[in-house]
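# Generate coordinates for the sequence data below:
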Amino acid sequence: MVRVLFVCLGNICRSPTANGVFRAMVEQEGLGDHIETDSAGTHAYHTGEGADRRAFASARNRGVDLSPHRARQVREDDFHRFDYVLAMDRENYDDLMSLSPSGTADRVRMFLGFAPHLDHDEVPDPYYGGPDGFDRVLDMIEEAAAGLLEEIRTRHL
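Have a look, this model is predicted:
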């Protein structure tokens, strides 16, 4: 079993969207028994809340259901449990690196590293913008999710 954790700041926009998109790809490819996913935030601002309504709507428009999501904060055991701990941006990457227990830092990576052809290395936070920001984020997430799935197939399956 390969385990993937997507991480952003509050766990209501980017990371649940990445988790939903990637989970849908995994299921579509029939790999649900081989890949486990989850999402978390580096901060506990929204613990227990569902996905942001705009993220939910944008994902739903592309056939991705975020309704099961409930926000949570990253825990120390996540670094041992997950093979990939994927940060949406540099700030969250730095936070994850400072939180990671000894011997687990190699699991922490930038999510957009799986889409090197994009002009960005960070998934921007759409929270304070309009609905079009959520669609742009979804475009980036879909690209990186496809690259991540390819790496997992090549390295682990």
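# Please count neighbours and contacts with C-alpha atoms only from this point.
Noted.
# Can you tell me which residue is spatially central in the protein?
Central residue of the chain (CA atoms, centre = their mean): Phe6, 2.8 Å from the mean position.
# is it true that it lies in a helix?
No: read with DSSP: H, G, I helix; E, B strand; the rest coil, Phe6 is strand and lies in no helix.
# ok, now how distant is it from Pro101?
18 Å (CA to CA, to the nearest Å).
# Quick check: beta-bridge partners of the residue nearest to the centre of the chain?
With DSSP bridges applied, Phe6 shows beta-bridge pairing to Ser39, Leu86.
# How about the contacts made by it?
Shown in contact with Phe6 (CA atoms under 8 Å, 6 or more residues apart in numbering): 15-16, 18-19, 37-40, 85-88, 111.
# Can you check what pLDDT the model gives it?
Listed pLDDT for Phe6 reads 98.
# repeat for Ile152
Looking at Ile152, its pLDDT is 98.
# can you pull out the helices in the chain?
Counting by DSSP state H, the chain has helices at residues 14-28, 53-61, 78-81, 90-99, 131-156.
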